[in-house]
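Undergrad: Sharing a model prediction with you, sequence too.
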Amino acid sequence: MIAKAYSSFFEELQSNNTTEWFRANKGQYKVAVKKPFLSLPNGLIRSLQKWDYHVFPEAKKPPISHPILKP
């Protein structure tokens, strides 16, 4: 389930799609979008382990080669 904060971030971004707005709201992005998105694979893996014990216990975080906004 996607949290309300996740969809709210993108609704606000749609109305304020500027670098200045994103920089001012980058903390909200990290908490409402990035953190839940990166935790999704581990949640899926834990669910799959209930059905198949061969599934690896933890996903590795892939390197991000193209961040949304470079510092």
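TA: Nice, I can see it.

Undergrad: would you list every one of the helices in the chain?
TA: Ranges of helices in the chain, per DSSP state H, are 4-15, 19-24, 26-29, 35-49.

Undergrad: Could you figure out how far the last one is turned away from helix 4-15?
TA: Yep, that's helix 35-49 we're talking about. Orientation check (axes from the mean of the first three to the mean of the last three CA atoms, to 10 degrees): helix 35-49 against helix 4-15 gives 140 degrees.

Undergrad: just to revisit the earlier point, switch the helices of the chain over to a markdown table; also include mean neighbour count and mean pLDDT.
TA: Heads up, the C-betas are built off the backbone N, CA and C, glycines and all. Below are these laid out as a markdown table (neighbours: other CB atoms under 10 Å; pLDDT from 0 to 100):
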| stretch | mean neighbour count | mean pLDDT |
| --- | --- | --- |
| helix 4-15 | 12 | 93 |
| helix 19-24 | 11 | 95 |
| helix 26-29 | 14 | 94 |
| helix 35-49 | 12 | 81 |
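
Undergrad: Next up, the contacts around the nearest residue to Ala32 once chain neighbours are set aside.
TA: Closest residue to Ala32 apart from its sequence neighbours, by CB to CB, 6 or more residues apart in numbering: Ala5 at 3.8 Å. Ala5 makes contacts with Gln28, Val31, Ala32, as judged by CB atoms under 8 Å, 6 or more residues apart in numbering.

Undergrad: could I get those as a markdown table with distance to Asp52?
TA: Shown next, in a markdown table, are those (distance: CB to CB, whole Å):
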| residue | distance to Asp52 |
| --- | --- |
| Gln28 | 37 |
| Val31 | 32 |
| Ala32 | 32 |
